[in-house]
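Participant: Predicted coordinates and the sequence they were generated for:
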Amino acid sequence: MTPEDTDAPEAPKAVVPRSRVALFVATALVALVLDVVSKIVVVDQLKVTDRPLRVLGGLFYLQQTRNAGAAFSLGTGFTIVLTVVALAVVVIIARTAGRLRSAAWALALGLILGGALGNLSDRIFRSPGIGRGQVVDWISAFGPDAVHWPIFNIADSAIVCGAILAGILAVLGVDFDGRQPRHRRHE
């Protein structure tokens, strides 16, 4: 007698969320490509000495600057250390990718990875040399010359958005594997 010959219902199969590696990789690639392409255009079209270009009624000003430090130009004397830290972050996030079952975590970590790779590429390929390169920043919010907010780039935006989303997911208790928050599992 085969299982098709019986009228007994099949036991329900456990639903295992699909891996979200494709979403993770696609998000990282989009963030990286947008950052790299925007920096190529900025370096070609906006010189460091140019007057800031006002857009959206002064909500943003576009101007090219070079940043040897981390966020908010902190640690300008530690460019090599920042490069090593960025490499470590890239490796840690990439190793986590295989465990991702949560679309939200895939999006958050993809944004962080894409942003980290964008700024890391500047540190590796821009002057003054490998591991000491300066990051191209070009967006000044609410006023020119970083009057109200430090000048940033698309990679920085991706990192910040990804970190905010990761923080929200962590507070809500959402796991990488897509499981529901612990306090809701027993309801």
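Facilitator: It's in.
Participant: Run through who's touching the lengthiest helix in the chain.
Facilitator: In the chain, with assignment by DSSP state H, the single longest helix is helix 21-45. Outside helix 21-45, the residues that touch it by C-beta atoms under 8 Å, 6 or more residues apart in numbering are 62, 64, 97-98, 100, 103, 106-107, 109-111, 113-115, 117-119, 121-122, 136, 138, 153-155, 158. Any C-beta I mention is one placed from the backbone N, CA and C, and that applies to glycine too.
Participant: Specify the angle between the helix or strand of the chain with the lowest mean pLDDT and helix 21-45 in degrees.
Facilitator: Ranked by mean pLDDT, DSSP states H and E, the weakest helix or strand in the chain is helix 79-96, scoring a mean of 84. With axes from the mean of the first three to the mean of the last three C-alpha atoms, to 10 degrees applied, the angle from helix 79-96 to helix 21-45 works out at 150 degrees.
Participant: Tell me the buried residues in helix 79-96?
Facilitator: 79, 82-83, 86, 89-90, 93 (16 or more other C-beta atoms under 10 Å).
Participant: Report the two of these separated the most.
Facilitator: Across the buried residues of helix 79-96, no pair lies farther apart than Thr79 and Ile93, at 21.1 Å, counting by C-beta to C-beta.
Participant: Which pLDDT does the model give Ala68?
Facilitator: As predicted, Ala68 sits at a pLDDT of 76.
Participant: can I assume Lys47 sits in a strand?
Facilitator: No: secondary structure assignment (DSSP: H, G, I helix; E, B strand; the rest coil) places Lys47 in coil, not in a strand.
Participant: from what I can see it touches Thr65, true?
Facilitator: No: Lys47 sits out of contact with Thr65 when judged by C-beta atoms under 8 Å, with a separation of 11.0 Å.
Participant: more neighbours, those two?
Facilitator: Thr65 (22 against 11; other C-beta atoms under 10 Å).
Participant: Which residues are in contact with the nearest residue to Asn119 once chain neighbours are set aside?
Facilitator: What sits nearest to Asn119 in space, not counting adjacent residues and going by C-beta to C-beta, 6 or more residues apart in numbering, is Ala155, at 4.6 Å. Ala155 makes contact with 31-32, 35, 114-119, 135 under the criterion C-beta under 8 Å, 6+ apart.
Participant: Understood, closing this out.
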